[in-house]
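Novice: below: sequence and its predicted model.
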Amino acid sequence: MNWKSTLQRILKEYSVVLVLIFAFILSAFLSDVFLKWTNITNILRQLTPLLLVSLGMLTVVLTGGIDLSVGSTVAVASVTCAVLATQTFVHLGNLGLVLAIAIAILAGLALGSITGSLVSVFNMAPFVASLAMMTIERGLAYVITNGEPIRLDPKLPANQLLIDFGSDKIPGIELPLPILVGLAAALLFWFIFRYTRYGRLTIATGSNESAVALSGISAARYKFRAYQISGVLSAIAGILIMARSGVAVPATGVGMELDALAACVIGGVSLSGGRGKVINVVAGVLVLGLISNIMNLLSVPIYSQQIIKGLIIIIAVLTTGIKKK
């Protein structure tokens, strides 16, 4: 009886992990290129920015909110860092690069704070507040760049250092450095939501806000912090994307908010708040990445890929409903 209940619990709470394992095995059978280490590390490096954004989205969704501005925050942070590193602080060398990265992250924090204030202080609906900020921030990214791409100059040592971080690998295991950022973030948020007071109260805010308020705890504060965290993680994701490509464009991150939401939904996160696990969101991100990768290897047209992704999201939602019943 205990064995059966344990199996049922695993199937209920970690079904997306089983789906990930199945998708991995299926992909290995469908393509002989899939299991090559170069392809695996490529998938992980491409998914690192999405993982960071998805962890931020998870934090917001756990409070019962939603953040549609994450993709635009990615763009603002990316172009801000590029402009500062290639123009404003170019004469400061490595110190200029550090300042550029710090200011870009602070920009993400500020934008997340504005969205959080609209939701937690002014009681604006999260969908409306983040949608408005999404539009404002995207426009801001175009204003900063005048609609033109900003390229990192490899002739500048500080710029080359950033480019190297986006492309270099750890000697011996040939693991791209950006992946370490994603891994560290996943472990940190797993620890936060599992073992810290902040994590428990963030989940409680989305699960039963009234009970949190009656306990004398400010639910608004936890909502506000969730949007701040989302902004910071989106900013870091933007910097990683820029470092990898060597160029910042105002269109960076378009549609990323939908992919992050998809990863959360596939991972079984409740969009009404109060329920979700970091490991399942990580698995959701990897499922999306595996699907895109295997379809690219099989030369499936991009428009067909979008249809398949949409169907997967529908199936994930239906499966979540069945598990609840």
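Specialist: Alright, I've got the coordinates.

Novice: quick one, phi psi at the closest residue to Leu95 other than its chain neighbours?
Specialist: The spatial neighbour of Leu95 that comes closest, neighbours along the chain excluded (C-beta to C-beta, 6 or more residues apart in numbering), is Phe89 at 7.6 Å. All C-beta atoms are positioned from the backbone trio N, CA, C, and that covers glycine. Main-chain torsions, Phe89, degrees, to the nearest 10: phi -110, psi 20.

Novice: would you mind confirming that Phe89 is in contact with Leu97?
Specialist: Yes. Counting by C-beta atoms under 8 Å, Phe89 does reach Leu97; the two are 7.4 Å apart.

Novice: compare the two (neighbour count), which wins?
Specialist: Of the pair Phe89 and Leu97, Leu97 is the one with more neighbours under other C-beta atoms under 10 Å, namely 23 against 18.

Novice: the one helix or strand the more buried one maps to packs against which elements?
Specialist: Per DSSP states H and E: Leu97 is located in helix 94-120. Counting contacts by 3 or more C-beta pairs under 8 Å, 6 or more residues apart in numbering; DSSP states H and E, helix 94-120 is packed against helix 70-83, helix 126-145, helix 157-167, helix 219-245.

Novice: could I get those helices as CSV with distance to Ala211, mean neighbour count and mean pLDDT?
Specialist: Compiled in CSV, the helices and strands packed on helix 94-120 are given as follows (distance: least, C-beta to C-beta, whole Å; neighbours: other C-beta atoms under 10 Å; pLDDT from 0 to 100):
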stretch, distance to Ala211, mean neighbour count, mean pLDDT
helix 70-83, 29, 30, 97
helix 126-145, 20, 19, 97
helix 157-167, 44, 18, 90
helix 219-245, 9, 26, 96
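
Novice: returning to what we had before: mean confidence for the helix holding Leu97?
Specialist: If you average the pLDDT over helix 94-120, you get 96.

Novice: that helix: which residues count as buried?
Specialist: Along helix 94-120, these residues count as buried under the neighbour rule (16 or more other C-beta atoms under 10 Å): 96-97, 99-101, 103-105, 107-109, 111-120.

Novice: between helix 219-245 and it, find me the angle.
Specialist: 140 degrees (axes from the mean of the first three to the mean of the last three C-alpha atoms, to 10 degrees).

Novice: please compute how far helix 94-120 lies from its chain's middle.
Specialist: 16 Å (C-alpha atoms, centre = their mean, to the nearest Å).

Novice: could you do stretch 45-58 as well?
Specialist: The answer for stretch 45-58 is 2 Å, by C-alpha atoms, centre = their mean.

Novice: identify the residues contacting stretch 112-131?
Specialist: 60, 64-69, 73, 132-133, 220-221, 223-232, 234 (C-beta atoms under 8 Å, 6 or more residues apart in numbering).

Novice: and if you look at stretch 226-234?
Specialist: 52-53, 55-57, 59-60, 62-63, 65, 67, 70-71, 73-74, 77, 105, 108-113, 115-116, 119-120, 185, 202, 253.

Novice: rewinding a little: quick one: the residue nearest to Leu95 from Leu298, how far?
Specialist: 45 Å (C-beta to C-beta, to the nearest Å).
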